[in-house]
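Engineer: Sequence first, then the predicted structure, then my questions.
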Amino acid sequence: MLSSNLLAIFNPSNYWRSGHVTISWQPIYQQFQIPPEELILNHVKDSSATPLLAQIDRVDPEDSSRDTLVFSLPEPISPGAEDYSITSAVIKVERGKPISQESSEPSLEIVYGSDGRERGVRLMNSRLIIWFNLVPAPENDGRNWFAGSATSVQLEHQEILDQFQAAMGEWINQDPEKRCMQIDELQLTGLCDSTPPHYSVSVYDRSYRLVSHSCGPVRASITIASEPFDYSDIDPRTGKERHLSCELYRVLSLYAGADYVIEELFVKGKSKGQSGTDAATEAINLDFAARYYAYMDMSQEPQIYQNPNVPDWFAVGSSFEPYAGYGFATDVHVDSIGYSHDVNDKRFTWQLLPGKSAKSLHLFMRCPQKDFDSQAGQYWYELIYKPLKAEIYQESQRQFSESQKKLTDIWNEFQKQLSESQKKLAYTWVNSLSTDGIIQEKIVETVQKNLNFQKELINTTLKAQETTARLGIETQKQFWDNYFKLMQKSGQ
């Protein structure tokens, strides 16, 4: 079928858009049986063009269902429907030899300590340089509260977190507490009789381990996991208390040319045996709520923007040169933002509502026009709320299924009419034989009735066959009409 090597791309906006697309890799591999190292993506409209930039990331080596295909659409695709019901473009999935990408952007650098363990990761593209800490005390000076935080973010080679000192050319004298993107606490549902009714875990002072990392032409990405922590809850399947060893997973991705980082969160728990060791069971994804912490100099009177009707994003910015700002967006809602408004206070905290996963965006800006809110709102809409999406092209299967259903309905109706005609025929024959003394007189009439019912039966059969054939032809015609319209649309 034509869908055997196509991906349908959906643009949910009413305007043309380009950008990055992510899709689960496992179903694509099962459908196409193309090894990752031989995967090539091309626009249907121009097979001779350079293949799309694409890569496959192994997010969690323990869970292949999280393997992700990510690719870039350099040219805008046409508007579609808000509910993702209209295909805006079609991509061919082919086997071949990918073209070598010479670009070194984006990239990452892992820094190791003297003990051979990872201490931090530097993520870089043409616009951002981010230093992300995996250990609580990166300076080995006793200040052990920096785990899982970015302690330096340079936008266009200028520091964002301590913008005024950076604007004066200072580096050594920048505030040593500056950081962002840090999750300082997790909350999980506690046992029914616990007080308070939630379980809190601090993660700012615990090291993270580097689970996996990848770097390609589309993005540089790392997956990190917190130190394990013990947790007990009620098993919804058995109603009994269970004991788990849990880890917070964070997937951080820096895309080529982007001024933002996309983050995905989830918590995995594994059952603990009676000896206290992890039992050989499948990992459980738990509900959790994350609290973020940032220490940023956004001036003595920072501007905080949040739409009360859309609790999914906010922005913080400075009204003074160099007009640096930070934006955050998520798909699980921001419950609250904490800021004391003291003159020398640079601390910001915000809480997410609970969920089994969270996808968030960290945006770094310079806005001389002070449009921090519009930039953050647009990024939330296009990258979190209504991103470009892809799926295996299923139009032919869908139409085939619908035509099969229609043919089945016609056949059932035909069988029903056939049964009724046979009943009428038998009833008439029996009636013709049950009347004494007039059989000979009615013989001509009876034969005529039998012939009429036989004729009706044959006509019903032929009509059903004609309808079935016509429907099959119309279904094929409709499929090919839709296919060529789609190809024409993709070529515009």
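Structural biologist: Done, it's in.
Engineer: Could you pull out the helices in the stretch 1-150 of the chain for me?
Structural biologist: Taking DSSP state H, counting those that start in this stretch, the helices of the stretch 1-150 of the chain run over residues 25-32.
Engineer: ok, the closest residue to F71 other than its chain neighbours - contacts?
Structural biologist: Nearest residue to F71 in three dimensions, chain neighbours excluded: A54, at 3.7 Å (Cβ to Cβ, 6 or more residues apart in numbering). Where you see a C-beta, it was placed from the backbone N, CA and C, and this is true even at glycine. Contact partners of A54, counting by Cβ atoms under 8 Å, 6 or more residues apart in numbering, are 39, 41, 69-72, 98, 216-218.
Engineer: Of all those, the one with the weakest confidence?
Structural biologist: Among the contacts of A54, P98 has the lowest pLDDT, at 75.
Engineer: dump the residue contacts of the nearest residue to it once chain neighbours are set aside.
Structural biologist: Among residues not flanking P98 along the chain, I40 sits closest, at 5.9 Å (Cβ to Cβ, 6+ apart). If a contact means Cβ under 8 Å, 6+ apart, then I40 has 51, 93-98 as its contacts.
Engineer: before we move on, what about E105?
Structural biologist: E105 neighbours (Cβ under 8 Å, 6+ apart): 124-126, 256-257.
Engineer: Need the contacts of A54 in CSV (columns: distance to S245 and neighbour count).
Structural biologist: Output for these, formatted as CSV (distance: Cβ to Cβ, whole Å; neighbours: other Cβ atoms under 10 Å):
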residue, distance to S245, neighbour count
L39, 36, 22
L41, 40, 20
L69, 31, 24
V70, 31, 22
F71, 36, 23
S72, 38, 19
P98, 40, 16
G216, 33, 19
P217, 37, 21
V218, 34, 24
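Engineer: buried ones in the longest strand along the chain?
Structural biologist: Using DSSP state E, we find that the single longest strand of the chain is strand 241-255. The neighbour-count check on strand 241-255 (16 or more other Cβ atoms under 10 Å) flags 242, 244-255 as buried.
Engineer: what mean pLDDT would you report for that strand?
Structural biologist: Across strand 241-255, pLDDT averages out at 96.
Engineer: ok, then the element right after it?
Structural biologist: strand 260-271 (DSSP states H and E).
Engineer: Counting neighbours, which bits of the helix or strand following that following strand end up buried?
Structural biologist: Per DSSP H and E, strand 260-271 leads on to strand 284-286 as the next helix or strand towards the C-terminus. The neighbour-count criterion (16+ other Cβ under 10 Å) identifies 284, 286 as the buried residues of strand 284-286.
Engineer: again with stretch 53-68
Structural biologist: Neighbour-count burial for stretch 53-68, counted by 16+ other Cβ under 10 Å, picks out 53-60, 63, 66-68.
Engineer: Would you confirm that Q174 contacts D162?
Structural biologist: Yes - assessed by Cβ atoms under 8 Å, Q174 is found in contact with D162 at 4.2 Å.
Engineer: quick one, which of these two is more surrounded?
Structural biologist: Shown here are Q174 and D162; by other Cβ atoms under 10 Å, D162 has more neighbours (23 against 18).
Engineer: list the contacts for the more buried one?
Structural biologist: If a contact means Cβ under 8 Å, 6+ apart, then D162 has 174-175, 178, 296-297 as its contacts.
Engineer: Distance of it relative to K178?
Structural biologist: Here the criterion is Cβ to Cβ, to the nearest Å. By it, D162 lies 5 Å from K178.
Engineer: Could you name every residue contacting both of the two?
Structural biologist: Shared contacts of D162 and K178, counting by Cβ under 8 Å, 6+ apart, come down to 296-297.
Engineer: Report how many residues lie close to E391.
Structural biologist: 15.
Engineer: V21 versus the spatially closest residue to it that is not a sequence neighbour, what's the distance?
Structural biologist: With sequence-adjacent residues excluded and distances taken as Cβ to Cβ, 6+ apart, E391 is closest to A8, at 5.6 Å. Computed as Cβ to Cβ, the A8 to V21 distance reads 11 Å.
Engineer: Could you name every residue contacting both of the two?
Structural biologist: Shared contacts of A8 and V21, counting by Cβ under 8 Å, 6+ apart, come down to A390.
Engineer: average pLDDT for stretch 294-303?
Structural biologist: Stretch 294-303 comes out with an average pLDDT of 93.
Engineer: How about it, which residues are buried there?
Structural biologist: Buried residues in stretch 294-303, counted by 16+ other Cβ under 10 Å: 294-299, 302-303.
Engineer: Pull stretch 249-259 out as PDB, backbone CA atoms only.
Structural biologist: Taking C-alpha atoms only, stretch 249-259 is exported to PDB below (Å, rounded to 0.1, in the frame of the first residue of the first chain):
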ATOM      1  CA  TYR A 249      14.400  11.100  35.000                       C
ATOM      2  CA  ARG A 250      15.100  14.400  33.100                       C
ATOM      3  CA  VAL A 251      15.600  14.500  29.300                       C
ATOM      4  CA  LEU A 252      17.200  17.900  28.200                       C
ATOM      5  CA  SER A 253      17.400  18.700  24.500                       C
ATOM      6  CA  LEU A 254      19.100  21.700  22.800                       C
ATOM      7  CA  TYR A 255      18.100  22.100  19.200                       C
ATOM      8  CA  ALA A 256      20.100  23.600  16.400                       C
ATOM      9  CA  GLY A 257      19.800  27.400  16.400                       C
ATOM     10  CA  ALA A 258      17.400  27.400  19.300                       C
ATOM     11  CA  ASP A 259      17.400  29.900  22.200                       C
END
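Engineer: Work out the gap between it and the centre of the chain.
Structural biologist: Centroid separation for stretch 249-259 versus its chain: 14 Å, with Cα atoms, centre = their mean, to the nearest Å.
Engineer: Right, I'll call it a day here.
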